[in-house]
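Novice: quick one, structure for this:
(chains A, B, C and D)
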Number of protein chains: 2
Amino acid sequence: MRISELADSTGVSVATIKYYVREGLLSPGRKLSERLADYDDQHVRRLRLLRVLRDVGAVPVGALKALVDATQDRSASVHDMFGKACDALRTETTVPETSDIHLRELADQIVDRAGWTKVRPDAPERDHLAGIISVILDSGLPTDPEGAATYLPLVDALATYELDQIDATQDREAMMEQMVVGQVVLGEFLLCLRRLAHEHHSALRFAERR
Amino acid sequence: MRISELADSTGVSVATIKYYVREGLLSPGRKLSERLADYDDQHVRRLRLLRVLRDVGAVPVGALKALVDATQDRSASVHDMFGKACDALRTETTVPETSDIHLRELADQIVDRAGWTKVRPDAPERDHLAGIISVILDSGLPTDPEGAATYLPLVDALATYELDQIDATQDREAMMEQMVVGQVVLGEFLLCLRRLAHEHHSALRFAERR
DNA sequence: AGTCTAGGATAGTGCTCCTATCCAGCAAGC
DNA sequence: GCTTGCTGGATAGGAGCACTATCCTAGACT
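Specialist: The predicted model follows:
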């Protein structure tokens, strides 16, 4: 398959494909000659994946690169690979650098209480959680730590279900793909359902209120 | 309070404050003279809110404007206002224009099954849901509609909890603020916890796998 | 043989979100 | 009173991101 066919069958422009190859998101085609390369189904799949992550998940190109790199490192276990994926997918939202030890402890407590014993002690996500908690506290939302008690079992059930969906009989690249798509697309699904639920419950409470 | 004090006490630069005023995100200060205006605690609160939404939620400036406008329309009920807020906060992620009636029906079925009877029949979120479902199906994720059965009670519990937190004794602007911050910041909180749970559960399943 | 297209390099575009500069008028301290 | 500095307002400029368009020459297809 030539580059123009790849472009046609994925809806991604040739220029963009070249850009992705330059950025290392997509391997170059197998060279047939100096001026001709061959692309296969792997390229189609990868390209579709990249577009879904960008369009639905708004994942920045740099994060996509990190994901690709994580898949490439064949010495890491599947779990390590997923850990790197989680790090990369933490959206570029900025939370304040906490530096507040107390908040970090609070975050660790939440992870403990949830029973998530396998989370790396140095996972960047813990600091991110601490940052979010600081924002929650500053905003005067009454959602911590009592709130955590509400969230934790729900989130745990969610994650259990989602991880159970992953077919462990596949190769690591396919697993990575399922994991990443699950993280991003099902995350969007989740937030979408939550907005719908918010609309319903706000109607129950405030329909008459002006 | 002058503009420089407002800038100091919020950490937002004077230039940015001027920009927000131009964009209609922030009301101009009360004019004391041709070249002097007074800003009060309302401005500080609003500015902090805007920064949280942008930094943590990555809410685009245009969406912030829509939120402000929704609050301004004093004829709408609180619920209508929240509906507009939900519309504005649906992140700018693009899902394919479905146009597929079947998918839209599937989305409506999910809302029905969840019992969210108060969701507007023409809520844009329904189409968004249909778009996400189409992506899920295309991606080969095995998460529908059986998957919905897993998500719906969890999401409903979440939304119930979050809406119950809102203090209905306040004025509409304060309620809007709580709603929006809850939607955005707690949404980020939720996704953060979910990533942590993913890390834990992936370790349980794939720690040894290469 | 001539037209097309590929791949590669590089420069430019459109968008968003600010940031910097300029201006003239007041405010307050000396 | 006069300087210094800050103000609101307008407008231009800039950084970052994700592409997109152009140019070029070698090789492929007809």
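Novice: need the residues of chain A near DNA strand D, please.
Specialist: Residues of chain A lying close to DNA strand D (C-beta under 7 Å from any atom of the strand) are A:13, A:15-16, A:18-19, A:32-36, A:54, A:60-62. All C-beta spots, glycine's among them, are computed from the backbone N, C-alpha and C.
Novice: how about the strands in chain A?
Specialist: Assigned by DSSP state E, the strands in chain A fall at A:30-33, A:36-38.
Novice: what lines up beside the longest one in the sheet?
Specialist: Under the criterion DSSP bridges, strand A:30-33 sits next to strand A:36-38 (antiparallel) in its sheet.
Novice: among the residues of chain A next to DNA strand D, who's most crowded?
Specialist: A:Arg54 (18 neighbours; other C-beta atoms under 10 Å in any protein chain shown).
Novice: quickly note the distance from that one to A:Glu5.
Specialist: 21 Å (C-beta to C-beta, to the nearest Å).
Novice: re the thing from before, show me which pair in the residues of chain A next to DNA strand D is furthest apart.
Specialist: Within those, A:Ser33 and A:Pro60 form the most distant pair, 34.9 Å apart (C-beta to C-beta).
Novice: can I get the lowest-mean-pLDDT helix or strand in chain A as CSV, trimmed to CA atoms?
Specialist: For chain A, using mean pLDDT, DSSP states H and E, the weakest element among its helices and strands is strand A:30-33, scoring a mean of 82. This file holds the C-alpha atoms of strand A:30-33, laid out as CSV (Å, rounded to 0.1, in the frame of the first residue of the first chain):
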residue,chain,number,x,y,z
ARG,A,30,9.0,-0.6,4.1
LYS,A,31,11.2,0.9,1.4
LEU,A,32,10.7,-0.7,-2.0
SER,A,33,13.1,1.7,-3.6
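Novice: chain center to that strand, what's the gap?
Specialist: Mean-position distance between strand A:30-33 and its chain equals 34 Å (C-alpha atoms, centre = their mean, to the nearest Å).
Novice: could I get the strands of chain A as TSV with distance to DNA strand C?
Specialist: As requested, those are arranged in TSV below (distance: least, C-beta to the nearest atom of the strand, whole Å):
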stretch	distance to DNA strand C
strand A:30-33	7
strand A:36-38	3
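Novice: just give the nearest non-adjacent residue to the most centrally placed residue in chain A, would you?
Specialist: Centrality entry for chain A: nearest residue to the mean C-alpha point is A:Leu89, 3.8 Å, by C-alpha atoms, centre = their mean. Distance criterion C-beta to C-beta, 6 or more residues apart in numbering or on different chains; nearest residue to A:Leu89, sequence neighbours excluded, is A:Gln183 at 5.6 Å.
Novice: what's the answer for A:Val59, then?
Specialist: Spatial nearest neighbour of A:Val59, excluding adjacent residues (C-beta to C-beta, 6+ apart): A:Leu53 at 4.3 Å.
Novice: okay, now A:Gln170: neighbour count?
Specialist: For A:Gln170, the neighbour count with other C-beta under 10 Å is 12.
Novice: likewise A:Met175?
Specialist: By the measure other C-beta under 10 Å, the count of residues near A:Met175 is 22.
Novice: same check, this time on A:His201
Specialist: The number of residues packed near A:His201 is 23, by other C-beta under 10 Å.
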